[in-house]
Each structure stands twice: as structure tokens, then as C-alpha cells.
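Chemist: from the sequence below, what's the structure:
(one chain, ligands or ions: 1)
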Amino acid sequence: MTWSITTPIYYVNGKPHIGHAYTTIAADAAARWMRRLGHDTFLLTGTDEHGQKVAEAAAARGMAPKVHCDDMVVGWRALMDRLGITYDRFLRTTDADHIAVVQGVLTWMKERDLIYRAEYTGWYSIAAERFWTEKDLVDGKCPDTGTAVVEITEANWFFRMSQFREPLLAHLAAHPEAIQPESRLNEVLGFLRQPLEDLCISRPKARMNWGIDLPFDPDFVTYVWFDALLNYATGAGWSPGKALSATRWPATVHLVGKDILTTHAVYWNTMLLALGLPLPTTLFAHGWWVSTDGRKMSKSLGNTIDVDGLIEGFGVDVLRWFLLRDVAFGADGAFSYDNFLVRTNADLANDLGNLAHRATSMTVSWRGGAVPPLAAPGPAEAALAELAHATVASVADAMPRLAFHEALEAIVGLVRAGNKYVDTRAPWALRKSGDEAGVDTVLRTLLELCHLVAALAAPVAPGKMAELGARLGRDAATLDTFARDVVHGQVAALGGLTTGAPIHHGDPLFPRFDELPAALAPAPAKETPMAPEAPPTPAVPTITYDDFAKIQLRVGRIVEAAPHPDADRLLCLKVDIGEAAPRSIVAGIRARFAPEALLGRQIVVVANLAPRKLRGVESHGMLLAASDGDLLVDLVSVDAPPGSVVR
Ligand code: MSP
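Modeler: Numbering: from 1, shown residues only. Take a look at the predicted model:
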């Protein structure tokens, strides 16, 4: 059976950034690991190319949408290449086979009455390209994007998603491991506590025509998420009516960011249930990279991380290492260049680079560059061999669980033990005392350690580990074979090299960086020509002083912040505004702030707003925030005691 892993398909309009690089690197490292163990592995990635925003961006450039996509996709493919992604298919939702699958699914569902036409009135968010019900809105705005919504009545086509709530709950009860980490499963179960509505899966062409035509109604195109999610089926080679055994479905792992958990865990899974297809084995939602103040990165905040600059400055392997090593996969991570330097210097320049340097330089200087025999192993060598064996087991356990940080931590632990071993065994002293067998033993042990590390870490840092392998006389394919054999216990962890084989010494494998390379000097955020135009500012009506005086604004201090159990975009806050107990306020700011980054912040609260329920949680007030177009930039902050009145 195929071990397959997917990334989300990226909005073709977007400028690739560190978040996209993260998902894709993680998928690639896992795929490389599984592939070398001998699994039939399939890595699927691609671009999401339909929908209103793409149509608008194309129009702004005076291009047909497909021509615009053809142009934009070049940048995405190039990014994949620069990141060293070994994808098996790069799928575009404008590919002919995908369009055929989407239309086939629509017809199949329509024939079975899983799709029906109905008149619908709702609040439509242009930015999110979807309808919301009244209760979904946050402060009258789109809960996903914080932008204005308009009330629209129109006919549309609906997928009977509501029918599949019970079967989905039953599936998750039987397979709780299907959504990971566990906290994400709980989020999904929380969401499913409410009744599930049917899903609007069409858009009238009169409003937006850049999409896949509904095969049974020429007035509509397919809703972009319904289209995009089916990419996983197309990529697996499935189409309606095809025998499952002739496809790569079900996917083993869908890797997504936490912001698109619901669309996958609920929309996609119910679509699969309706189609009678098995559900993916694992849906893994990873965390976000945020800036050190807890804000999500964005171009207008000027806090984005320059992926190309990092690759040029440090090399792609260092970037891959850092992203997978620094943060537990699943949790959020705060990105700072300082931390990047500290972490990669410690792991790579000081620990791994140093070990490789010592092993190869001593072998070249003292043994003419030939692998010496393990002449006289003693307790120190036995202890290291045992640790090496345990490290193999830890890495082999962690990688298929996508616990990259655990795997890399185990590898770094072994490298550190290796450096300590050299210091303790002091081969230079052994040499002075004429103990040549001792010198051979230490050198052989060190070379074997480097070889093992190169084999274990290659899925994460393929280029550099291939280089290390080459210095030890092993090509990439031989390293892969060794990795498979060592994981399967067919060869000793420190038994991969051959006595007498040639060893090379070269420049430091990982140079130390004491400051940021020039390419990364913070530059003003660049504007992309495709940036959607800011909507025109609506005329603001004048109000009287009495109108204003009705609003009571107070200073509050955030004392608790937690994700809303049922809504990806909302945070539940407790805010001290000088009353007996803190106020509960629900705010649509989760895309911008990690909860922990908000604790202690002094903000301004509209204190006399009528209470209302937001996705089932009562909110008693509203926060003031500054935004730049669609983007929430910051909360209004005040340095005054909680409860102070703001006028
Ligand atoms: N097109 C949809 C996915 C459709 S899948 C059927 C989409 N595209 S996206 O380009 O906006 O985002 C793709 C991925 O990038 C998501 O998994 C998202 O979580 C991830 N990231 C975007 N910003 C991120 C960070 N700052 N940090 C980590 N990953 C984040 O959504």
C-alpha cells in the first residue's frame, strides 16, 4: 500500500512565505524518510487556482485568469525546487484531470440527491469568499477576515453535509488518532457539538465565473473549497467509479496548518463519507510561525521572514533543520533571526560541524585519509554504540509520527556525546603516548558516528548530509540503504564503514554565523504587483457628541486568553475592567495573536455593548483594534489602571 502525504494546495495568488515553506519541508522530510525505508511513497503538493481573489488579481493585471495562474505558478514551482522538495505530483486545480474529477463528483452526488438547489439568504464575505449566518459574524463582520459582509439572497447548490455529522462523529470515536495532535481533535469535536449545516458548493457566474462549471447548471461554478479539497482525490489517481485498489487513496497523512483544520476535518471528511470513500488515516494540523510578539506574520506589518534570504544566507539545509528542530511539530513557534543564529550555530556549526571536522581532519592527518580499524574497543566505545543504537530507535519512532523535533534532538544528543567522547579519550594524548590502537579506535568510532548521523539526518538536511556522506566515501544512495538497514536492525549502528576506505576533509560543513548575512538585512516590505486593491473607504456618517457619549470605553487588562472551542478565528478572553470579576469577551483576533502573547496587555474595551453569543460563547464587550485594510494590525493599547474611562 502507498504511504502518501499531502500538503495543502497553496493559493496561487499568494507570495510564498515561511509558513508555506514549513508545511512543505515537513511533508518532504517525512516522505524522504518513508521512501528510504522502502515504502511506496507519494508526496502531493500544488496550487489552488480558482475563486474570486484570483479572478480579481488577474483582472487587475489585465490578464485572463488562467494566464495569470500560469505566470504565478512559476514562482511556486521554483520555491519547491529551492527548498529541495521531492514531490511526486505538483497538482494545479486548473489541470484537466482535476476538473474532470470535480465535475464527476458533482454529477455523482447530484444523481444521488446529495446535492440540491435552494434559495438562500446569508451574509457574504468577499474576502473569505463564503457565506456566514448571522450568529457567525463577529461585531457584524466576517469572523475569518474581519472584513465587511453583505446580505445576499440567491439560488445556489448545496451539499447535504448535515447528514454526515453523525457518521463523522462515529468515525472519530472509532479512530481518535485520525486527527492530530489530540488538541486539534478536541477542537473538531467541539465544532461538531452544534448541528452541521449543509454546505453551499456553488457560486453564481453572474457574480464570479472563475471556477469549475457545475456540469448540470450552466449558471454556476463550483465553490473553491469544494474544488480544492478534491485535489487530494485527483492526486491519488481516483475518479468516480474507479476501483479503489487502482488508486493511491486513502491518503496516509494530510498535513495542514491549524487555520484550515475545519475545512479538512469537517468539509472534506463529510464529502468523503458521502462518496463512500475511506477517510485519510491522519489529518495533522501543525502550528503557526508567528513573530516574537505573538503576531502572525504579514507583509503590511513588515514582520515577514524572507525565505529566499535565509536560503541564500545559510543554505536550504540549515533552514530546513531550524524549522523542524526549533519547535515541537504541532505547536506555534516564534521566529526570530537571533534564535535562528543561536540554534543553528549550536547544533550545526558547534556540535555536528565540529564532530565532522575532528573526525575527518585527524583521519586525514594521522592515517593518510584511510578508515582505521576498530582496534581495541573498550567501555567508552560500548557506551557510545549503545547510545547510537538507542538514537536509531528514537529517530525511527519519531519520524513517522512527524515528531521531527524529537528525532533531531536525539541526533543532536548523539553528536554531543561524540564530542564529549573525543574530549575524554583525547586521541592526541593517546598518540603522544604511542597508543596507536587507541587512536585507531577513537577515529573509527568518530567516523562511524558521523556516518550514522549523516544517514539519520539526511531527510531533514539532504544536501549537507550527502556532502558529509561523500567525505566518508558514501554516496546518497548508499547512505539511504544504510539507513534502511540500520532501522531494520540488519547492520550495527556504528558498523557502516569499511576499513581502509578513503576519507576526505574539506571546508567546515556548517560555517558559524556571528551575524546575519547581508542578504537578510531587514528591508522594507516589498509590494507585490498582484496585491489585491484595498476596498474603497466607505463614506463615514457624522455623529453628534451625544451619539459618542453613549459609548463607554474603559481600559482593560487581559488576564486570560484561550482559543474558542468551536471557531478557528476567535479567542475567548477574560478582561479585568475594574469590576468585581473579569469580563468574558470573545474577539476575532486569533489569526493575529497567539493567546499567550495577549496576557497582561492593557487594551480599550467598549464596556456597554449589549452582550451576545459568538459561536455559543457569551461575549460582554468588544476590543478596539487598528487595522490596515483587511488586516488587523494591533490592539489599541493604553498604559492606565484597568477600569479607567477613555473619553
Ligand atoms: N488554498 C488553501 C488550502 C487548500 S487545501 C485543499 C490555503 N492556502 S494558503 O496558501 O493560504 O495556506 C497554505 C498553508 O500555509 C496552510 O496550511 C497554512 O496553515 C500555512 N501557513 C500560512 N501561514 C503560516 C504561518 N505563518 N506559519 C505556519 N504555517 C502557516 O489555505
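Chemist: was I right about residue 450 contacting residue 359?
Modeler: Yes. Using CB atoms under 8 Å, residue 450 makes contact with residue 359 at a distance of 5.1 Å. In this view, the C-beta of every residue, glycine as well, is placed from N, C-alpha and C.
Chemist: just want the residue of this structure that's nearest the ligand.
Modeler: The nearest approach of the chain to the ligand comes at residue 257, 1.5 Å away (CB to the nearest ligand atom).
Chemist: that residue: neighbour count?
Modeler: For residue 257, the neighbour count with other CB atoms under 10 Å is 17.
Chemist: got a list of what it touches?
Modeler: Residues in contact with residue 257 (CB atoms under 8 Å, 6 or more residues apart in numbering) are 8, 19, 23, 285-288.
Chemist: please pick the buried ones from these.
Modeler: Burial by neighbour count, 16 or more other CB atoms under 10 Å: within the contacts of residue 257 this picks out 8, 19, 23, 285-288.
Chemist: of those, which are in range of the ligand?
Modeler: Restricting these to those touching the ligand (CB under 6 Å from any ligand atom) yields 8, 19, 23, 288.
Chemist: off-centre distance for the helix or strand hosting residue 169?
Modeler: Here residue 169, judged by DSSP states H and E, is contained in helix 165-174. Centroid displacement of helix 165-174 relative to its chain, using CA atoms, centre = their mean, to the nearest Å, is 26 Å.
Chemist: could you give me the buried positions within it?
Modeler: Of all the residues in helix 165-174, those buried under the rule 16+ other CB under 10 Å are 165, 168, 171-172.
Chemist: burial of the closest residue in space to residue 212 that isn't next to it in sequence, as a residue count?
Modeler: Nearest residue to residue 212, sequence neighbours excluded (CB to CB, 6 or more residues apart in numbering): residue 222, at 4.4 Å. For residue 222, the count of nearby residues is 26 (other CB under 10 Å).
Chemist: for residue 222, list the residues it contacts.
Modeler: Neighbour list for residue 222: 50, 102, 106, 201-203, 211-214 [criterion: CB under 8 Å, 6+ apart].
Chemist: please repeat the previous calculation with a cut-off of 7 Å.
Modeler: Applying CB atoms under 7 Å, 6 or more residues apart in numbering, we find residue 222 in contact with 102, 106, 201-202, 211-212, 214.
Chemist: so which of those residues is surrounded by the most neighbours?
Modeler: Neighbour max across these (other CB under 10 Å) = residue 106, 28 neighbours.
Chemist: so which residues on the chain come close to the ligand?
Modeler: Going by CB under 6 Å from any ligand atom, the residues of the chain near the ligand are 8-11, 14, 19-20, 22-23, 48, 228-229, 231, 256-257, 259-260, 288-289, 296-297.
Chemist: of the buried ones among the contacts of residue 257, which pair is most distant in space?
Modeler: Using CB to CB, the pair of the buried ones among the contacts of residue 257 lying farthest apart is 8 and 287, separated by 14.4 Å.
Chemist: related to what we said a few turns ago, so which of the residues of the chain next to the ligand are in helices?
Modeler: In helices, judged by DSSP state H, the following of those are found: 19-20, 22-23, 228-229, 231.
Chemist: between the residues you listed, which is closest to residue 640?
Modeler: The closest of those to residue 640 turns out to be residue 19 (CB to CB; 35.9 Å).
Chemist: and the gap between the residue nearest to that closest one when sequence neighbours are not counted and residue 297?
Modeler: Once flanking residues are discounted, residue 19 sits nearest to residue 289: 5.8 Å by CB to CB, 6+ apart. In this view, residue 289 and residue 297 are 7 Å apart by CB to CB, to the nearest Å.
Chemist: so how far is stretch 56-63 off the chain centroid?
Modeler: With CA atoms, centre = their mean, you get 29 Å for stretch 56-63.
Chemist: thought residue 118 was touching residue 160?
Modeler: No. Counting by CB atoms under 7 Å, residue 118 sits too far from residue 160 to count as a contact (10.9 Å).
Chemist: between those two, tell me which one has more neighbours.
Modeler: Neighbour count, other CB under 10 Å: between residue 118 and residue 160, residue 160 has more, with 17 against 10.
Chemist: for the more buried one, give me its contacts.
Modeler: 114, 198.
Chemist: can you list the low-confidence ranges for the stretch 351-500 of the chain?
Modeler: The model of the stretch 351-500 of the chain has no residue with pLDDT under 70.
Chemist: just the strands from it, written as ranges.
Modeler: For the stretch 351-500 of the chain, applying DSSP state E, counting those that start in this stretch gives no strands.
Chemist: sketch out the helices for it, chain order is fine.
Modeler: Taking DSSP state H, counting those that start in this stretch to define them, one finds helices in the stretch 351-500 of the chain at 354-367, 379-398, 404-425, 427-432, 436-457, 462-471, 476-487.
Chemist: got the angle for the last one vs helix 462-471?
Modeler: Inter-element angle recorded for helix 476-487 and helix 462-471: 90 degrees (by axes from the mean of the first three to the mean of the last three CA atoms, to 10 degrees).
Chemist: where's helix 476-487 relative to the chain centroid, distance-wise?
Modeler: The chain centroid and the centroid of helix 476-487 are separated by 28 Å, computed with CA atoms, centre = their mean.
Chemist: next, the angle from that helix to helix 379-398.
Modeler: 100 degrees.
Chemist: who's more crowded, residue 289 and residue 297?
Modeler: More crowded of residue 289 and residue 297, by other CB under 10 Å: residue 289, with 22 against 17.
Chemist: the more buried one and residue 21 touch, don't they?
Modeler: No. Counting by CB under 7 Å, residue 289 does not reach residue 21; the two are 9.3 Å apart.
Chemist: for the nearest residue to residue 193 once chain neighbours are set aside, give me its contacts.
Modeler: Excluding the flanking residues, the one nearest residue 193 by CB to CB, 6+ apart is residue 566, at 7.1 Å. Listed by CB under 7 Å, 6+ apart, the contact partners of residue 566 are 190-191, 194, 615-616.
Chemist: dihedrals phi and psi, residue 566?
Modeler: The phi/psi pair for residue 566 (degrees, to the nearest 10) reads phi -120, psi 10.
Chemist: can you pull the pLDDT of it?
Modeler: Residue 566 carries a pLDDT value of 80.
Chemist: where does the protein dip in pLDDT?
Modeler: Judged against pLDDT under 70, the low-scoring parts of the chain cover residues 298-300, 519, 521-541, 591-592, 627-633.
Chemist: same thing but at 80, please
Modeler: 129, 294-304, 517-547, 567-569, 590-597, 599, 626-634 (pLDDT under 80).
Chemist: return the residues in contact with the closest residue in space to residue 167 that isn't next to it in sequence.
Modeler: The shortest distance from residue 167 to any non-neighbouring residue, by CB to CB, 6+ apart, is to residue 273 (5.1 Å). By CB under 7 Å, 6+ apart, the contact list for residue 273 reads 164, 167-168.
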